[in-house]
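Peer 1: just a sequence and a predicted model for now, questions to come.
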Amino acid sequence: MVSQTAISVAALLQVWGKSFFVDQPMDQCSPAPSVSGTIFLAATLLLIWECNILPKLYRQRAPRIFIAIEILVTVLVMELIMQLGWCTYERITHKMVRVVCCHKVWCEYGMMATITIVAAFASLCVVVEVVCPA
C-alpha cells in the first residue's frame, strides 16, 4: 500500500493545481464543473492507495529515501492520470458536446456536467468494487 503521506501530498498538489512533471493547461481541462474532476481524483487516489508502487524490500534498507521516492512516484502517477487521462477525456467530450449543442452555452454546460459527473461516478464505483469487494 502507498503511504498516507504520499497520497496526501499528491491529493493536495492536484487540488491546488500544482504540478512538477506534467504541464497543466492554463484554461484547465474544459468548462465542465470541477466536481467531476474531484470525484475522479478520489477514485484514482483510492486505487493508488491499494497498490504497491515500489517493492517493500527497499523500505527496510533505506526508509527515508523510500518515502521520498514513493511521494515522487505517486505525484507523477497522479499527474499523468489526471492530466493525460481525465483532461483529455474532458476536452474530447467538450468538443463533441459543442457540436451537438450548436454553441448554446446552457446546453453545453448541462451536458458537460451530466456526462462528466456520470463518468467520474462510474469510475469511482468501479474502483470501490475492485478495492473493497463485498
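Peer 2: Yes, it's here.
Peer 1: could you count how many residues lie near residue 38?
Peer 2: Residue 38 is surrounded by 13 other residues when neighbours are defined as other C-beta atoms under 10 Å. (Each C-beta comes from the backbone N, C-alpha and C, glycine too.)
Peer 1: my error: substitute residue 80 in the last question.
Peer 2: When neighbours are defined as other C-beta under 10 Å, residue 80 has 12 of them.
Peer 1: what's the nearest residue to it if we skip its chain neighbours?
Peer 2: By the measure of C-beta to C-beta, 6 or more residues apart in numbering, the closest residue to residue 80 outside its immediate chain neighbours is residue 22, 6.2 Å from it.
Peer 1: so where does residue 18 fall, helix or strand?
Peer 2: Residue 18 is located outside every helix and strand, with elements delineated by DSSP states H and E.
Peer 1: what's the burial count for it?
Peer 2: Other residues lying near residue 18 total 11 when counted by other C-beta under 10 Å.
Peer 1: and it, what does it touch?
Peer 2: Listed by C-beta atoms under 8 Å, 6 or more residues apart in numbering, residue 18 has no contact partners.
Peer 1: for it, phi and psi?
Peer 2: When read as degrees, to the nearest 10, the backbone of residue 18 gives phi -100, psi 140.
Peer 1: so how far is residue 82 from it?
Peer 2: Counting by C-beta to C-beta, to the nearest Å, the separation of residue 18 from residue 82 is 12 Å.
Peer 1: ok, residue 23 next?
Peer 2: To residue 82, residue 23 is 12 Å away according to C-beta to C-beta.
Peer 1: which residues of the protein fall in strands?
Peer 2: Secondary structure of the chain (DSSP state E): no strands present.
Peer 1: what does the helix or strand bottoming out on mean pLDDT in it contact?
Peer 2: Comparing helices and strands within the chain by mean pLDDT, DSSP states H and E singles out helix 57-61 as the least confident, with a mean of 73. Contacting residues not belonging to helix 57-61 are listed as 65-66 [C-beta under 8 Å, 6+ apart].
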